[in-house]
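Trainee: I'd like to go over a predicted model; first the sequence, then the structure.
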Amino acid sequence: NRHGLAVDGLVTQATGFAEREATLAMLDRRPGRRRITLGADKAYDVRGFIGDLRQRHVTPHVAVDGHVRQTGEPRGTAIDARTTHHPGYAVSQRCRKRIEEIFGWAKSAAGLAKVKLRGRARVEAVFTLALAAYNLIRLPKLLRATA
C-alpha cells in the first residue's frame, strides 16, 4: 500500500509457485470486493497469475519481466499496454519498493534471514510478530509526515 505498512502476510512451503498462490489466498480473504491494484515484482509476470488477478477484479501493477531469451527474443509479458500506460502504474512501481523494505527489515533487524524455529506454525507466528513490529516502527514516521 502507499504507506508501506504490512496489511497481511502468509508463510508457505517453498515450491516455486508458493508466492503467487499465497497472494491469491490473501486476496480471497480480503473483506472488500471493490477493484484494487496489486503491485508486484517481475516474478509475478505470468499469464496464469495475471488471469487469476483479473478474475478477482484486481488490476495487476506487476513489473514487466524484460529478460531476453537465449534466442535473442524478449520474453513475452502478461501485462498489456492498458495497464502500463496508466499513470497509476508508475506510482505503484515506486511504492512497491516500500513493501520490499519490510522483508529487508524482517531479515536483518527481526532475525528472519535464518529462522531458528521448526514448523510452519511457529515460523508463521514469528513472521506475524515481525510484521506487527515493523508497522509499529513505521507508524510514528507516518504520523510525523501528516502533522
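Mentor: Looks like it came in fine.

Trainee: Ramachandran coordinates for the residue nearest to the spatial centre of the chain?
Mentor: With distances taken as CA atoms, centre = their mean, the residue of the chain nearest its centroid is A40 (5.0 Å). Here is the backbone geometry of A40 (degrees, to the nearest 10): phi -150, psi 160.

Trainee: ok, it touching H61?
Mentor: Yes. In this structure, A40 sits in contact with H61. The criterion is CB atoms under 8 Å, and the distance is 7.4 Å. Any C-beta I mention is one placed from the backbone N, CA and C, and that applies to glycine too.

Trainee: what do those two both touch?
Mentor: Contact criterion CB atoms under 8 Å, 6 or more residues apart in numbering; residues bridging A40 and H61 by contacting each: R96.

Trainee: ok, back up a step: distance of the residue nearest to the centre of the chain relative to P74?
Mentor: A40 is 19 Å from P74, where distance means CB to CB, to the nearest Å.

Trainee: and the lengthiest helix in the chain, which residues are buried?
Mentor: Longest helix in the chain by number of residues (criterion: DSSP state H): helix 120-146. Buried residues in helix 120-146, counted by 16 or more other CB atoms under 10 Å: 126-127, 130-131, 134-135, 138.

Trainee: Packing partners of it?
Mentor: Using 3 or more CB pairs under 8 Å, 6 or more residues apart in numbering; DSSP states H and E as the contact criterion, the secondary-structure elements in contact with helix 120-146 are helix 87-108.

Trainee: What residues does D28 make contact with?
Mentor: Contacts of D28 were listed using CB under 8 Å, 6+ apart, and they are R56.
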